[in-house]
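1. Here is a sequence together with a model predicted from it:
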Amino acid sequence: MIRVLSFLLIILANSAASECRQALALGLDVSGSVDSREYRLQVDGLATALQRPEVVRLILSDIGAPVQLAIFEWSEPHHQRMLLHWTEIRTTQDLARISTLLNNVKRSSAPRGTAVGSAMLFGAELLSQKQGCWKRTLDLSGDGKHNLGPHPREAKRMLQTSGITINGLVIGADDPTHGDKRYVQVGELSAYYNAWVILGPGAFVEVALGFEAYEDAMTRKLVRELKGLTLSDAQ
């Protein structure tokens, strides 16, 4: 009897240890429309957003069921580069290590095309590795519409029953001399992501009016996603 009880306790302990509150995959656009300066604003902006107190507090709010994070870059259909493989976050040191990694990453020679649909499918494949998490979310950042690979509407159709959430962060033109055209451009891109990219209950599009605003937009998006997670998701 004692052996049976010990065996059950081991099973329960292992089950508790494997709890995952949220699997969060972040996809960063590195297509030809993103220059070297914009690349650094995007990657370093994410690094800083992960250190913002409101984000740290939410990520570490339940270390018994931690958040798991993966980060990748995307451009053309067959170009997705992992910057961070699935990593469990339990401490501020974990977040600090991820931010340091991002601050030191060097840009690869990515092809110039923009394959939004392929990025959606790649992110969904990553999230399929985390079936046990209460919620699985793909964050896709981008500054343009697709021009290669499957159309996002086809990717969205394929993922309808996947159980994942896809949110978008659209990035507008950096040039302030464009004036009102900047708002038109980012408005069109936001509508495009709303129609063809985002998926799942509560999915949304966040907007950055230029790469200079990326850090704040990413912070808002992370806070909204992490706040939106409730115990009902554990079902």
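-> Cool, got the structure. Residues are numbered from 1 along each chain as shown.
2. can I assume residue 124 sits in a helix?
-> Yes. Assessed with DSSP: H, G, I helix; E, B strand; the rest coil, residue 124 lies in a helix.
3. For burial, what's the neighbour tally of it?
-> Residue 124 has 20 neighbours, counted by other CB atoms under 10 Å. Every C-beta, even on glycine, is put in place using the N, C-alpha and C of the backbone.
4. Next one: it, what pLDDT does it get?
-> Predicted confidence (pLDDT) for residue 124: 98.
5. so who does it touch?
-> 138, 155, 159, 162, 164, 166 (CB atoms under 8 Å, 6 or more residues apart in numbering).
6. and with 10 Å instead?
-> 25, 136, 138, 155, 158-159, 162-164, 166, 199 (CB atoms under 10 Å, 6 or more residues apart in numbering).
7. Can I get the residues you listed in TSV including distance to residue 111?
-> Formatted as TSV, those follow (distance: CB to CB, whole Å):
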residue	distance to residue 111
25	21
136	28
138	21
155	19
158	23
159	24
162	27
163	31
164	26
166	23
199	26
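8. Next step: the residues you listed restricted to strands.
-> In strands, judged by DSSP state E, the following of these are found: 25, 136, 138, 166.
9. in what helix or strand does residue 169 lie?
-> For residue 169, the element it lies in under DSSP states H and E is strand 165-171.
10. I'd assumed residue 31 was in contact with residue 107.
-> No. Taking contacts as CB atoms under 10 Å, residue 107 lies outside contact range of residue 31: 12.0 Å.
11. Can you check which residues contact both of the two?
-> Common neighbours of residue 107 and residue 31 (CB under 10 Å, 6+ apart) are residue 73.
12. Report the buried residues of the longest strand along the chain.
-> If you go by DSSP E, the chain has its longest strand at strand 80-89. Of all the residues in strand 80-89, those buried under the rule 16 or more other CB atoms under 10 Å are 80, 83-84, 86-87, 89.
13. which other helices and strands contact it?
-> strand 22-29, strand 67-74, helix 92-104, helix 116-127 (3 or more CB pairs under 10 Å, 6 or more residues apart in numbering; DSSP states H and E).
14. in its sheet, what does that strand sit against?
-> strand 67-74 (antiparallel) (DSSP bridges).
15. Now do the same for residue 19: helix, strand or coil?
-> Per three-state DSSP, residue 19 ends up coil.
16. Low-confidence ranges, this protein, go.
-> Within the chain, the ranges that satisfy pLDDT under 70 run 1-18, 174-180, 228-235.
17. one more time with 80, if that's ok
-> For the chain, the stretches flagged by pLDDT under 80 are 1-18, 173-182, 228-235.
18. For residue 213, which residues are in contact?
-> 41, 45, 171-172, 174, 207 are the contacts of residue 213 under CB under 10 Å, 6+ apart.
19. For those residues, give me a markdown table that also has distance to residue 187.
-> A markdown table is the format used below for these (distance: CB to CB, whole Å):
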| residue | distance to residue 187 |
| --- | --- |
| 41 | 21 |
| 45 | 22 |
| 171 | 13 |
| 172 | 9 |
| 174 | 16 |
| 207 | 9 |
